[in-house]
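Peer 1: the sequence and its predicted three-dimensional model are supplied below.
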Amino acid sequence: MHAFHYHRPASLKDALSLGSQKTEGRYLAGGQSLVQAMKLRLSSPTDLIDLNALGDLKTLKAESGSVTIGAMVRHAEVAGSSGVKKTIPALAALAGMIGDRQVRHMGTIGGSIANNDPAADYPAAVLGLGATITTNKRKIEADKFFRGLYETALEPGELITSVSFPAPKRAAYMKFKNPASRFAIVGVFVADFGGNVRVGVTGAGPSAFRQTEMEKALSAKFAPESVANIKVKSDGLNNDLHASPEYRAHLITVMTKRAVEAALK
Amino acid sequence: MALKVSMKVNGKPASAELEERTLLVTFIREHLRLTGTHVGCDTAQCGACTVLMNGKAIKSCSIVAMQAEGAEILTIEGVAKPDGTLHPMQAAFKENHGLQCGFCTPGMVMNALDFAKSHPEPTEQEVRESLEGNLCRCTGYHNIVKSIMAGARAMAGK
């Protein structure tokens, strides 16, 4: 790991001021992706601005129609929250499938979304549920947030403070995971808002995306057979030693079908 | 570029001036000389470096020591009683032959200690899921799973 300067600001104001000064610095949330990337020298920030002391970013509110999760809330807290389990059970289930239990004790929603790993789980839910990302500057709609491989709409120094998810009528997340890394080879989050269905896909492409053809079919009729015969094109999908683009395309249909089945249970 | 960091390790205060890029596991092993916490893969997959931070199992190769400022850390050295009496979870590993070479064992035990707190009578399936982040290259997990099921029951006094 290259050397860096470490900062632990005590207030959001101090964190943002450091974030704007240290142009080659990075905010540090749980560090479960960033620290490993730094060890491999894939990332070499000059400064790490640790957000762990910022209590404001650690609140979790589950109301009847929505769930708002502070950027520094750990995956394990979302997975175990009775409020999230009641309001959006599929979101709690997704959080409980991220990595392993040690990773879930450190990793945070803000860190995951800001990092935008192509195989991360949360982006599927952010798109599938049409979440709103709140930063220190503005509110960003899910559809405008993910821009490409590890790329988001965040500007330099901009910091996610919370993510709000509207509660659907029913939803489910299905993940075909790499058995070694537990990352999604393909993960599909399906949410039915009563005739308006959203389908968020992760792991398949350079960045999470919505599968609009399936959304249309499911909005007309929310049933597994609505998507069973949809053949997804493999153009632009990821190709690596774990799966070919064609295999991933096939998995999108299979995982969507299974997610619909699970949501109907 | 050194910063002071202070935490509690196995109940005792521990502080040092560290280079900021020092990993928590490096602080534990090389500064405190508590070498029971192992570095296996060094890429967050194997779990041999698992310790408890404020009661929760984490991978100490995946955070820098600075992130543990003010935290309570428990390593394998702090698990048995000072007189050497094994913790029920350690005793269960011994009883059930839950190790062969022993390299992964400290991480397995630390993760199991945290897991058992919320699962006093875990099923085999639950135990296997809890071990997603811990790799063993010797035993095929069978006896590790048996050990954790027995250790959890023993901890709960069952």
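Peer 2: Thanks, I have the structure now.

Peer 1: pull the contacting residues for the closest residue to chain B within chain A.
Peer 2: Residue of chain A nearest chain B, by C-beta to the nearest C-beta: residue A:100 (2.7 Å). Every C-beta, even on glycine, is put in place using the N, C-alpha and C of the backbone. Applying C-beta atoms under 8 Å, 6 or more residues apart in numbering or on different chains, we find residue A:100 in contact with A:182, B:47, B:132-134.

Peer 1: the same query, at a cut-off of 10 Å, please.
Peer 2: A:181-182, B:44-45, B:47, B:50, B:57, B:59, B:111, B:129-134 (C-beta atoms under 10 Å, 6 or more residues apart in numbering or on different chains).

Peer 1: lowest pLDDT pick from those residues?
Peer 2: Looking at those by pLDDT, the weakest one is residue A:181, with 83.

Peer 1: which residue, other than its chain neighbours, is closest to that one?
Peer 2: Excluding its sequence neighbours, the residue lying closest to residue A:181 (C-beta to C-beta, 6 or more residues apart in numbering or on different chains) is residue B:45, at 7.2 Å.

Peer 1: how many residues are close by residue B:152?
Peer 2: 26 (other C-beta atoms under 10 Å in any protein chain shown).

Peer 1: quick one: the helices in the chain, in order.
Peer 2: You didn't say which chain, so I picked chain A. Secondary structure of chain A (DSSP state H): helices at A:12-21, A:34-39, A:75-80, A:82-87, A:89-95, A:101-106, A:109-115, A:122-129, A:142-145, A:212-220, A:225-228, A:245-264.

Peer 1: I was after chain B.
Peer 2: Going by DSSP H, chain B shows helices at B:24-26, B:88-95, B:105-118, B:124-130, B:142-155.

Peer 1: could those helices go into a markdown table alongside distance to residue A:149?
Peer 2: Shown next, in a markdown table, are the helices of chain B (distance: least, C-beta to C-beta, whole Å):
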| stretch | distance to residue A:149 |
| --- | --- |
| helix B:24-26 | 30 |
| helix B:88-95 | 43 |
| helix B:105-118 | 32 |
| helix B:124-130 | 30 |
| helix B:142-155 | 38 |
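
Peer 1: columns distance to chain A on top of the ones you listed, output as TSV?
Peer 2: Output for the helices of chain B, formatted as TSV (distance: least, C-beta to the nearest C-beta, whole Å):
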stretch	distance to chain A
helix B:24-26	10
helix B:88-95	16
helix B:105-118	7
helix B:124-130	6
helix B:142-155	13
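
Peer 1: contact residues of the stretch 51-200 of chain A facing chain B?
Peer 2: Proximity of the stretch 51-200 of chain A to chain B, by C-beta under 10 Å from any C-beta of the partner chain, involves residues A:52-53, A:74, A:76, A:80, A:96-97, A:99-107, A:177, A:179-182.

Peer 1: PyMOL command for the buried members of the residues you listed?
Peer 2: The buried residues among those can be selected in PyMOL (16 or more other C-beta atoms under 10 Å in any protein chain shown) with this line:
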select buried, chain A and resi 52+53+74+76+96+97+99+100+101+102+103+104+105+106+107+177+182
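
Peer 1: who's in contact with the residue nearest the centre of chain B?
Peer 2: Central residue of chain B (C-alpha atoms, centre = their mean): residue B:110, 2.9 Å from the mean position. The contact partners of residue B:110, by C-beta under 10 Å, 6+ apart, come to A:102, B:36-37, B:47-52, B:57-58, B:60, B:74-76, B:78-79, B:89, B:134.

Peer 1: try it again at 8 Å.
Peer 2: B:50-52, B:57, B:74-76, B:79.

Peer 1: next, count neighbours for the nearest residue to residue A:197 once chain neighbours are set aside.
Peer 2: Counting by C-beta to C-beta, 6+ apart, residue A:218 is the residue found nearest to residue A:197 once chain neighbours are left out, at 3.9 Å. By other C-beta under 10 Å, the residues close to residue A:218 number 27.

Peer 1: surely residue B:158 and residue B:120 touch.
Peer 2: Yes. Contact status for residue B:158 versus residue B:120: in contact at 6.8 Å, counting by C-beta atoms under 8 Å.

Peer 1: higher neighbour count, these two?
Peer 2: residue B:120 (12 against 8).

Peer 1: with adjacent residues omitted, what lies nearest to that one?
Peer 2: residue B:156 (3.5 Å).

Peer 1: contacting residues for the one you found?
Peer 2: Per C-beta under 8 Å, 6+ apart, neighbours of residue B:156: B:116, B:120-121.

Peer 1: and if you look at residue B:121?
Peer 2: By C-beta under 8 Å, 6+ apart, the residues touching residue B:121 are B:152-153, B:156, B:158.

Peer 1: where does pLDDT dip in chain B?
Peer 2: B:1 (pLDDT under 70).

Peer 1: from it, which residue is nearest to chain A?
Peer 2: Closest contact between chain B and chain A, by C-beta to the nearest C-beta, is at residue B:133 (2.7 Å).

Peer 1: domain ranges for chain B?
Peer 2: Following automatic domain parsing, chain B resolves into domains at B:2-78, B:88-155.

Peer 1: quick one, strands of the stretch 101-250 of chain A?
Peer 2: A:132-135, A:139-141, A:146-148, A:151-152, A:160-166, A:170-177, A:184-192, A:197-202, A:209-210 (DSSP state E, counting those that start in this stretch).

Peer 1: with distance to residue B:106 and mean pLDDT added, can I get those in a markdown table?
Peer 2: Converted to a markdown table, the strands of the stretch 101-250 of chain A look like this (distance: least, C-beta to C-beta, whole Å; pLDDT from 0 to 100):
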| stretch | distance to residue B:106 | mean pLDDT |
| --- | --- | --- |
| strand A:132-135 | 39 | 98 |
| strand A:139-141 | 43 | 98 |
| strand A:146-148 | 39 | 97 |
| strand A:151-152 | 38 | 98 |
| strand A:160-166 | 36 | 98 |
| strand A:170-177 | 27 | 97 |
| strand A:184-192 | 30 | 98 |
| strand A:197-202 | 34 | 98 |
| strand A:209-210 | 42 | 98 |
